[in-house]
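Novice: Sequence first, predicted coordinates after that:
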Amino acid sequence: MKTLILFSCLAFAASMQILAQGTTEERKDLHDLIDIRRSKFESYSHSLEKKSGIFGNKTKRDMQLSNEVLSEIVETDNRIISLLNHVVNFRSYEKVNNTYDLIERNEQVQNLERATDTLIKQVDKLTISNAAYKTKTIRLKWSVYGLLLVLLWMFIQNRRNRTAGR
């Protein structure tokens, strides 16, 4: 319940900011409607005070005129509310879209950061294993060179023994 009240307060504050940021035409229309409503309410107040009946009472006609003015006030209020809804809905729609776009971009950035971290870890592992393979390769090369030298030495000794035995 507290979150609902907090959300309502935030929505009201946001709508007031949106109205403040509305276009000049929308603000002018809104001010014109408010002025019309103010004048109609003044005429309604005067019609309530009007008593043209016998003994200073209100007549049926006086009450009908008051009701007509009141219904005009309600119509003006409805136009004000529809204009406010139009402005607020458009602005809140833009804000919601921007918020969702921002959230989506943040998720993409986080996913890319995770992918980058994973790739960096894999590169580090491969670099370490590559270094280990290089050292093994160097050892194997020296072992092959040593083996070739031993075979060459044995070949030369074998040749000497054959030529000496003749």
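Specialist: All right, it came through fine.
Novice: Show me where this protein has its helices.
Specialist: 2-21, 24-49, 60-164 (DSSP state H).
Novice: okay, which residue is most central for the protein?
Specialist: Residue closest to the average C-alpha location in the chain (CA atoms, centre = their mean): Thr99, at 2.4 Å.
Novice: which residues are contacting stretch 42-52?
Specialist: Counting by CB atoms under 8 Å, 6 or more residues apart in numbering, stretch 42-52 makes contact with Asn57, Lys58, Thr59, Arg61, Asp62, Leu65, Ser66, Val69, Leu70, Ile73, all of which sit outside it. All C-beta spots, glycine's among them, are computed from the backbone N, C-alpha and C.
Novice: Which of the residues in it are classified as buried?
Specialist: Residues of stretch 42-52 classed as buried under the neighbour-count rule (16 or more other CB atoms under 10 Å) are Ser43, Tyr44, Ser47.
Novice: Tabulate those residues (JSON lines), appending distance to Lys121 and pLDDT.
Specialist: As requested, these are arranged in JSON lines below (distance: CB to CB, whole Å; pLDDT from 0 to 100):
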{"residue": "Ser43", "distance to Lys121": "78", "pLDDT": "78"}
{"residue": "Tyr44", "distance to Lys121": "75", "pLDDT": "77"}
{"residue": "Ser47", "distance to Lys121": "81", "pLDDT": "74"}
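Novice: I'd like those residues as a markdown table, with distance to Arg27 appended.
Specialist: Shown next, in a markdown table, are these (distance: CB to CB, whole Å):
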| residue | distance to Arg27 |
| --- | --- |
| Ser43 | 25 |
| Tyr44 | 26 |
| Ser47 | 30 |
